[in-house]
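**Student:** Return atomic coordinates for the entry below.
(chains A, B, C and D)
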Number of protein chains: 2
Amino acid sequence: MMADDHTEAEALEPEARPADPRAEAFQGVREARRNELAEDYVELIAELIHEHGEARPVEIATKMGVTAPTVAKTLGRLARDGLITRAKYRSVFLTEEGRALARECQQRHEIVLRFLLSLGLDPETAERDAEGIEHHVSERTLALFAAFADRS
Amino acid sequence: MMADDHTEAEALEPEARPADPRAEAFQGVREARRNELAEDYVELIAELIHEHGEARPVEIATKMGVTAPTVAKTLGRLARDGLITRAKYRSVFLTEEGRALARECQQRHEIVLRFLLSLGLDPETAERDAEGIEHHVSERTLALFAAFADRS
DNA sequence: GATGATTATTAGCCTTGTCTAACTTGTCGC
DNA sequence: GCGACAAGTTAGACAAGGCTAATAATCATC
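**Tutor:** This next block holds a predicted model:
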């Protein structure tokens, strides 16, 4: 789903209001930003389940560095979007979709982290930067990162 | 939830509610996110001024891929935060602070872009990814990127 | 210099993501 | 089996960042 752009580019796609190459990039970034939080939550939930057998809101709040009500509201959105299931006053579980997303995110995170480390970055900074960068690397870039990290 | 660790780690830092290393990373990312939009605008405004001698809202809207009212509201915030000056129905100018921020962002953008290109990424994808990544690279990482790009 | 098109602003709505304060539930200890 | 305390939820505020619709100013251009 990329490149090979077709001759005209106008009138064919009724998609939004691109018009400008830079505009498309910014729209892509905004799109990515909208999913960042969900990805972070899902990734963390998967990790907690893996480590403790369950994911509880209080743990999520601590690890994310936000308050409990913020977690509650966000979990409501994740449930609405079909990424998690939950019963009142109980811990949180991932749906199949949530699990798939978590897997994908963990993989991306791991590659970005490994790449940064292989560049010579200290582990702490690498972790922090990976957290921010992972949501903004395309498949293509990710592949290059992985190749570089492996070849080092 | 045991995880014992930490002998003390409590009571020493009155700064916010970190408590967890991961929490600090996430808070850092959230912090970065808050500045992203301002950085994108300031960078674009500087570019427009450089190219056309002035930055007009309609141009900003086109390049950013948003509507004119969104631009107006955002410019209001930038003005409030001391990054730009503007008179009603006139074009936009950067303050000294805004100019400094723009310079910094352009430099970061350029380094990230050059780095991605030197990795072998195609220019189009590199541009898109740089747009997303540039706000999340620490000084340390940036230095490594620059060194790598130069040494390639 | 009137007028129509372009550009800019204002008003008002919506969602996200954050918070504090107050309330409810669950769990343990005894 | 009751009570305290921790965990979870609800309510309500607020700012950011989007949008559409409607209004106002500027500018071409005749």
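**Student:** Centre-most residue in chain A?
**Tutor:** Central residue of chain A (CA atoms, centre = their mean): A:E39, 3.7 Å from the mean position.
**Student:** Can you tell me the closest non-neighbouring residue to that one?
**Tutor:** Counting by CB to CB, 6 or more residues apart in numbering or on different chains, A:E39 lies nearest to A:C105, which is 4.9 Å off, once chain neighbours are set aside. C-betas here are computed from N, CA, C, even on glycine.
**Student:** Check which helix or strand that neighbour maps to.
**Tutor:** helix A:96-119 (DSSP states H and E).
**Student:** The helix or strand where A:Y41 lies packs against which elements?
**Tutor:** Element membership for A:Y41 (DSSP H and E) is helix A:21-52. Helix A:21-52 sits against helix A:57-64, helix A:68-80, strand A:92-94, helix A:96-119, helix B:21-52, helix B:57-64, helix B:123-133, with contacts defined as 3 or more CB pairs under 8 Å, 6 or more residues apart in numbering or on different chains; DSSP states H and E.
**Student:** okay, the ones you listed, which one's buried deepest?
**Tutor:** For the helices and strands packed on helix A:21-52, average neighbour numbers computed from mean count of other CB atoms under 10 Å in any protein chain shown are highest in helix B:123-133, which has a mean of 21.
**Student:** Which other helices and strands does that one contact?
**Tutor:** helix A:21-52, helix A:139-150, helix B:96-118.
**Student:** on that earlier part again, and the residue nearest to the centre of chain A, how far from A:A46?
**Tutor:** From A:E39 across to A:A46, the span is 11 Å (CB to CB, to the nearest Å).
**Student:** quick one on the thing from earlier: what angle separates the helix holding A:Y41 from helix A:96-119?
**Tutor:** Angle between the axes of helix A:21-52 and helix A:96-119 is 100 degrees (criterion: axes from the mean of the first three to the mean of the last three CA atoms, to 10 degrees).
**Student:** do helix A:21-52 and DNA strand C meet?
**Tutor:** Yes - contact of helix A:21-52 with DNA strand C (CB under 7 Å from any atom of the strand) involves A:34, A:36-38.
**Student:** which one is A:A126 nearest to, not counting chain neighbours?
**Tutor:** Closest to A:A126 by CB to CB, 6+ apart is A:L116, at 4.0 Å.
**Student:** go on, A:R56?
**Tutor:** Nearest to A:R56 is A:S91, by CB to CB, 6+ apart, at 4.8 Å.
**Student:** Could you report the neighbour count for the one you found?
**Tutor:** A:S91 has 18 neighbouring residues, counting by other CB atoms under 10 Å in any protein chain shown.
**Student:** Please apply the same query to A:Y89.
**Tutor:** Neighbours of A:Y89 (other CB under 10 Å): 6.
**Student:** if we can go back for a sec, pretty sure the residue nearest to A:A126 contacts A:A130?
**Tutor:** Yes - the criterion here is CB atoms under 8 Å, and A:L116 meets it with A:A130 at 6.0 Å.
**Student:** pLDDT weak spots in chain A?
**Tutor:** A:1-19 (pLDDT under 70).
**Student:** What residues does it have near DNA strand D?
**Tutor:** Residues of chain A lying near DNA strand D (CB under 7 Å from any atom of the strand): A:30, A:56-59, A:68-69, A:71-73, A:75-76, A:86, A:88-89, A:91.
**Student:** tell me which of those is nearest to A:E134?
**Tutor:** Nearest to A:E134 among the residues of chain A next to DNA strand D is A:R30, at 17.0 Å by CB to CB.
**Student:** Distance check, the closest one against B:A87.
**Tutor:** 29 Å.
**Student:** Return the residues in contact with the residue lying closest to A:I84 once chain neighbours are set aside.
**Tutor:** Once flanking residues are discounted, A:I84 sits nearest to A:L78: 4.7 Å by CB to CB, 6+ apart. When contacts are counted by CB atoms under 8 Å, 6 or more residues apart in numbering or on different chains, A:L78 touches A:38, A:41-42, A:84, A:98.
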